[in-house]
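Asker: sharing a model prediction with you, sequence too.
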Amino acid sequence: MAKLPSQRKLLYQTGSLSNDAYTLLTSGGVSGDLNLPKDLSILNRRGYASTTRKGVPLNYLCKVDFYLHDEDGQGPSTKLDVDLQATLKIDGCQNNWVMRNAAVKWHAAREQMFRDAGVAKGSRGAYSHEIRYNMDGNADTWLVPIDGNGDAFTGGEWEISQLAYEGDTEFELKLFGSGIDQEAAEFNGPVLNMAHAYLMSRINQPADTNPETTEGPALHSVLNAMLAGDSGASSAIQDDVIEEARTAQDGPPYEVLDISSSGDVDHDITEPVELGRAIAGFGNSYGSCIVEIPFGLARVRATVFDAADTNITPSGLMCVEVLDIYEMQG
């Protein structure tokens, strides 16, 4: 269980909201993704992270308020139609056992990397106990929270964790986005999908989970026919049951990773999911939602739309209040 911050509210500008298209927010002069560990560290003057010191991912439960006016309380300079709708959309990585196990395994791999290099924990930086992740690229940019006057907080350094193997191959980890085909060639940076790479490292469930049933019983077994009652109806029913056992419900209800396929780099596990959305408009300039943000990292985008398509691009304000921080169950 992570320590709940005393300063739990964070404010962000939205920049000009695009008309009819989702675009990243711009806050503190930076267009980028939401990084709660970074921003809570700024305002609470202590280190927050995406995982525990054992690598277990942390979920950040948040209340997100979306205002259709800027930090000074000023609304749009152009009159809005009553049918105008402004939508704040929040995407993040999946919250499941793959992400949890992947984070724990990568944490262990990083610790082994330091041991192999003879680097003691005491020789590492004070904030180097956990992995800092990207969203979907390397060297991602992050939103900057603003103060009560609308000015950006200065903050300190936030360096994404660098890992290395096979000599000088350095790379970063991302939470979603295309994976790398590690069956065809050795990886050579600069960024790796942590969950896809985890699945590539383990023995995966085959497409047919009960191969024994394909070897028996015989479809027209005399013994089975006699046990079922030697009648045409009973035999026909038994045939259907055996066929059902052979062919139905033996495939995993999720996408199986095929390491022999070089095209299997855009996999279900590499896709983001929508965590929530807040809508302002229709006469109400405020919307709110409760979201659970795995790793404390989210992609927040916004758009405005009205039936008349007047191309109004107002700015807004987002307030994120952290309600709880707890370990991902998986």
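Answerer: In hand now; what should we look at?

Asker: C-alpha only now, for contacts and for neighbours.
Answerer: Fine.

Asker: any idea how far Glu130 is from Ala109?
Answerer: 12 Å (CA to CA, to the nearest Å).

Asker: settle it for me: which of those two has more neighbours?
Answerer: Glu130 (20 against 15; other CA atoms under 10 Å).

Asker: the more buried one belongs to a strand?
Answerer: No - using DSSP: H, G, I helix; E, B strand; the rest coil, the secondary structure at Glu130 is coil, not a strand.

Asker: got the contact list for it?
Answerer: For Glu130, the contacting residues are 49-55, 107, by CA atoms under 8 Å, 6 or more residues apart in numbering.

Asker: rerun that using 6 Å as the cut-off
Answerer: With contact set as CA atoms under 6 Å, 6 or more residues apart in numbering, Glu130 has these partners: Arg53.

Asker: which helix in this structure runs the most residues?
Answerer: helix 97-116 (DSSP state H).

Asker: check what contacts that helix and list those residues.
Answerer: Under CA under 6 Å, 6+ apart, the answer for helix 97-116 is 55-57, 195, 198, 330.

Asker: from the residues you listed, which shows the smallest pLDDT?
Answerer: Across the contacts of helix 97-116, the bottom pLDDT score, 76, is held by Gly330.

Asker: which residue is the nearest non-sequential neighbour of that residue?
Answerer: Trp97 (3.5 Å; CA to CA, 6 or more residues apart in numbering).

Asker: any idea how far Met328 is from the one you found?
Answerer: From Trp97 to Met328 the distance is 8 Å (CA to CA).

Asker: and those two? Which one has more around it.
Answerer: Counted by other CA under 10 Å, Trp97 and Met328 do not tie: Met328 has more neighbours, with 19 against 13.

Asker: how about the longest helix of the chain as PDB, C-alpha atoms only?
Answerer: The C-alpha coordinates for helix 97-116 follow below in PDB (Å, rounded to 0.1, in the frame of the first residue of the first chain):
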ATOM      1  CA  TRP A  97      -2.500 -10.300 -14.600                       C
ATOM      2  CA  VAL A  98      -0.300  -9.900 -17.700                       C
ATOM      3  CA  MET A  99       0.500  -6.300 -16.800                       C
ATOM      4  CA  ARG A 100       1.100  -7.100 -13.200                       C
ATOM      5  CA  ASN A 101       3.300 -10.100 -13.900                       C
ATOM      6  CA  ALA A 102       5.200  -8.300 -16.600                       C
ATOM      7  CA  ALA A 103       6.000  -5.400 -14.300                       C
ATOM      8  CA  VAL A 104       7.200  -7.700 -11.500                       C
ATOM      9  CA  LYS A 105       9.400  -9.700 -14.000                       C
ATOM     10  CA  TRP A 106      10.800  -6.500 -15.500                       C
ATOM     11  CA  HIS A 107      11.600  -5.200 -12.000                       C
ATOM     12  CA  ALA A 108      13.500  -8.500 -11.300                       C
ATOM     13  CA  ALA A 109      15.300  -8.200 -14.600                       C
ATOM     14  CA  ARG A 110      16.400  -4.700 -13.900                       C
ATOM     15  CA  GLU A 111      17.700  -5.700 -10.400                       C
ATOM     16  CA  GLN A 112      19.600  -8.600 -12.000                       C
ATOM     17  CA  MET A 113      21.000  -6.100 -14.600                       C
ATOM     18  CA  PHE A 114      22.500  -4.100 -11.700                       C
ATOM     19  CA  ARG A 115      23.800  -7.200  -9.900                       C
ATOM     20  CA  ASP A 116      25.500  -8.400 -13.100                       C
END
